[in-house]
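> Sharing a model prediction with you, sequence too.
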Amino acid sequence: MSLLGIDVGTTACKVAAFSVEGEPIAAASVEYDVQRRQPGWAELDSLAVWAQIKRAIQQVAAQCSADPVQALAVSSLGEAMVPVTRERQVLGPSILNFDVRGEEYLPALRQALPDEHLYRINGNTLGNHYSLTKLKWLKEHQPDLYQQADKFLLWGSFVSFMLGAEPVVDYSLANRTLLFDLDRGNWSEEIVSLAGLDRGKLPDIAPAGTVIGSVAAGVAAEVGLPPNVTIVAGAHDQCANALGCGVIGEGQAVYGMGTFLCITPVFSERREPALMLKRGLNTEHHAVPGRFVTFIYNQGGSCVKWFRDTFAALEHRQAQAQGRDVYTDLFAEIPSEPSSVLVRPDFTAASPGVISGLRLETSRGDILKGILEGTTFDLKEAVEALPPTGIHIADFRVVGGGSKSDAWVQICADILGRPFVRPQVREAGALGAAILAGVGRGVFPSFAAGVQAMVRLERTFEPDTQRQEWYAARFEEYRRLFMKRDA
């Protein structure tokens, strides 16, 4: 038998099947575009994306005839919801978290839900990137759609529902709505009422790893899956990533190297809200019962992409035409010693970045290494502010596209002064979903057993003592120039 993991992102979906020993059997990836019908709007065409996801499942299922899929789970982006009827009719697009709609409701909501009060219930502070304000906008501006929808489903629950499951969402994804009560493990009657929303239009809630149905016969025939494949409640993609690289215990953390660099530490008890709020840290249920996570991130991957597109656009196009990865060439140019430039890696309209120390002799590789160091210094500030919260990190499991670069991973280990362990499967969201499927199906007696069976480690990057000393001095220079967080 095999286990299927489906990892739905904002612009792409990855589907992968694994043996119960964790061996990859087949994988497929599909892409789709963000729709921008008006300035400031950002949506997914729900039907078009669902069609792409089915295509990816079909490609993987076709390669699993010798080892048929027995169970599946879905990990997904957070916040965005899809309006559906109970008959599984899709009613409209899915508003993404960076869509501007809903901002007008924030002032009144802040009066009703001060940060510390909301944090004690939900583990987040108010913002327009959560589902709450998007649902309010739909209720006011598209009342017919709002009334016609029986449910608004986050993407993990939507894909499961369209495959044949009940409309159920796990704790971690439910948290991304702002409507979830962390301690009760259910929707917050207080927040739902204050928001003026209908509880009945939200899905039921179950812990990740719970069986929520089976693939319907018609859908199974369409995508090539066997009949009655078990569907298990999945998780928010960051939590599935953590599970998929074995980060399930206190003191462990993921270091995700994608569009965003995202550190996801694990802890076993909720921390004092005032300490978390001071450091801008959220609290969310892990996919693993009895564990929580928080997210520390910056747009480091986007900064590296900016460097590529600004300093090596022609080389990138040529490398693409030849089937090569231009990053291999660019990373070969970085110096062995710390960069001569310091970079503040914000690079946004609201908070522009800075490159300090440029000289006529500054090389392209020096600038790239400065970006790699600056994005890591930025995260080091946040990591060094953790001890008062009681959250600690002994080592990192590194995943994502950037983790393919030995040089980049070593820089992170040297600056943060902790071992970085790279798993064999670096796109860990689909593997984490497959482990959830195995736990729900009863293949594994526990999450720990699932990790032991399916997660393989490839290499450990130990901090280099001499480089740690170099970077300690450079970090102090960075703090003097750019420090923006209170320790």
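Yep, it's here.

> Domain map for this protein?
The record assigns the chain these domain ranges, following automatic domain parsing: 2-239, 246-424+456-487.

> Run the chain-centre distance for the longest one.
Mean C-alpha position of domain 2-239 versus that of the full chain (Cα atoms, centre = their mean, to the nearest Å) differs by 13 Å.

> can you check the last one too?
Per Cα atoms, centre = their mean, the displacement of domain 246-424+456-487 from the mean C-alpha position of its chain is 15 Å.

> Any idea how many residues pack against Tyr327?
Neighbours of Tyr327 under the rule other Cβ atoms under 10 Å: 21. Using the backbone N, CA and C atoms, a C-beta is placed for each residue, glycine as well.

> oh sorry, the question was meant for Asp325
14.

> what's it sitting at in phi/psi?
Here is the backbone geometry of Asp325 (degrees, to the nearest 10): phi -100, psi 110.

> any chance you could map the helices in the stretch 301-450 of the chain?
313-321, 326-331, 364-384, 406-416, 428-441, 447-454 (DSSP state H, counting those that start in this stretch).

> can I assume Pro352 is in contact with Pro345?
No - Pro352 is not in contact with Pro345 according to Cβ atoms under 8 Å; the separation is 10.9 Å.

> Comparing the two, which shows the higher neighbour count?
Pro345 (28 against 9).

> before we move on, back to that, and the domains of the chain, which one's lowest on average pLDDT?
Among these, domain 246-424+456-487 carries the lowest mean pLDDT, a mean of 93.

> So which residues of the stretch 151-300 of the chain form helices?
Ranges of helices in the stretch 151-300 of the chain, per DSSP H, counting those that start in this stretch, are 155-163, 171-175, 189-195, 217-223, 237-244, 273-278, 300-311.

> residues of stretch 51-69 that come out buried?
Neighbour-count burial for stretch 51-69 flags Gln52, Ile53, Lys54, Ala56, Ile57, Gln59, Val60, Ala61, Cys64, Asp67, Val69 (criterion: 16 or more other Cβ atoms under 10 Å).

> for stretch 96-116, same thing?
Neighbour-count burial for stretch 96-116, counted by 16+ other Cβ under 10 Å, picks out Leu96, Asn97, Asp99, Arg101, Gly102, Tyr105, Leu109, Leu113.

> Which single one of those residues is nearest to Asn175?
Asn97 (13.2 Å; Cβ to Cβ).

> For the most centrally placed residue in the chain, give me its contacts.
The geometric centre of the chain, computed from its C-alpha atoms, lies nearest to Gln238 (Cα atoms, centre = their mean), at 3.5 Å. Taking Cβ atoms under 8 Å, 6 or more residues apart in numbering, we find Gln238 in contact with Val254, Gly256, Cys262, Thr264, Val293, Phe295.

> what do you get if the cut-off is 6 Å, keeping everything else the same?
Thr264 (Cβ atoms under 6 Å, 6 or more residues apart in numbering).

> Distance check, it against Leu154.
14 Å (Cβ to Cβ, to the nearest Å).

> And Pro463, by the same measure?
Separation of Pro463 from Leu154 (Cβ to Cβ) stands at 38 Å.

> quick one, phi/psi of the most far-flung residue of the chain relative to its centre?
Largest separation from the mean C-alpha position in the chain: Leu360, at 39.6 Å (Cα atoms, centre = their mean). According to degrees, to the nearest 10, the main-chain angles of Leu360 amount to phi -60, psi -30.

> ok, now Leu4?
Torsion angles at Leu4 (phi, psi; degrees, to the nearest 10) stand at phi -110, psi 130.

> Quick check: closest non-adjacent residue to it.
Excluding its sequence neighbours, the residue lying closest to Leu4 (Cβ to Cβ, 6 or more residues apart in numbering) is Leu72, at 3.8 Å.

> Just to be sure, the one you found is in a strand?
Yes - counting by DSSP: H, G, I helix; E, B strand; the rest coil, Leu72 falls inside a strand.

> That one: neighbour count?
For Leu72, the neighbour count with other Cβ under 10 Å is 31.

> what residues are up against Val399?
By Cβ under 6 Å, 6+ apart, the contact list for Val399 reads Cys245, Gly256, Arg426, Ala428.

> For those residues, pick the one with the most neighbours.
Most surrounded of the contacts of Val399: other Cβ under 10 Å gives Cys245, at 33 neighbours.

> so it makes contact with Ala428?
Yes - here Cys245 lies in contact with Ala428, judged by Cβ atoms under 6 Å, at a distance of 4.4 Å.

> how about the buried residues of stretch 51-69 in a markdown table, adding distance to Gln142 and secondary structure?
Conversion of those to a markdown table gives the following (distance: Cβ to Cβ, whole Å; DSSP: H, G, I helix; E, B strand; the rest coil):
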| residue | distance to Gln142 | secondary structure |
| --- | --- | --- |
| Gln52 | 25 | helix |
| Ile53 | 25 | helix |
| Lys54 | 26 | helix |
| Ala56 | 30 | helix |
| Ile57 | 30 | helix |
| Gln59 | 35 | helix |
| Val60 | 35 | helix |
| Ala61 | 36 | helix |
| Cys64 | 41 | coil |
| Asp67 | 45 | coil |
| Val69 | 37 | strand |
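
> Tell me the one of the residues you listed nearest Gly400?
Proximity of the buried residues of stretch 51-69 to Gly400 (Cβ to Cβ) peaks at Ala56, which lies at 19.3 Å.

> Quickly note the distance from the closest one to Ala12.
Distance, Ala56 to Ala12, using Cβ to Cβ: 9 Å.

> Next: Val399.
Val399 is 16 Å from Ala12, by Cβ to Cβ.

> quick revisit: who is the residue nearest to Leu4 paired with across the strands?
Per DSSP bridges, the residues bridged to Leu72 are Leu4, Ile231.

> so what's it up against?
Taking Cβ under 6 Å, 6+ apart as the test, what Leu72 contacts is Leu4, Val229, Ala437.

> Look up the residues forming beta bridges with Phe396.
Phe396 has these beta-bridge partners by DSSP bridges: Ala253, Phe420.

> Run through the residues that contact it.
Phe396 is in contact with Ala253, Tyr255, Phe420, counting by Cβ under 6 Å, 6+ apart.

> quick one: which of those residues is nearest Arg308?
When those are compared for distance to Arg308 (Cβ to Cβ), Tyr255 comes out closest, at 20.9 Å.

> doesn't Val398 make contact with the closest one?
Yes - in terms of Cβ under 6 Å, Tyr255 counts as a neighbour of Val398; the distance is 4.6 Å.

> Adding distance to Leu225, write the helices of the stretch 301-450 of the chain out as a markdown table.
Output for those, formatted as a markdown table (distance: least, Cβ to Cβ, whole Å):
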| stretch | distance to Leu225 |
| --- | --- |
| helix 313-321 | 34 |
| helix 326-331 | 36 |
| helix 364-384 | 40 |
| helix 406-416 | 37 |
| helix 428-441 | 12 |
| helix 447-454 | 20 |
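
> Deepest-packed of those, please.
Stretch with highest mean neighbour count among those: helix 428-441 (a mean of 31; mean count of other Cβ atoms under 10 Å).

> Give the rounded mean pLDDT of it.
Here the average pLDDT along helix 428-441 is 97.

> tell me what it is packed against?
Judged by 3 or more Cβ pairs under 6 Å, 6 or more residues apart in numbering; DSSP states H and E, the packing partners of helix 428-441 are strand 2-8, strand 12-19, strand 69-76, strand 230-236, helix 237-244, helix 447-454.
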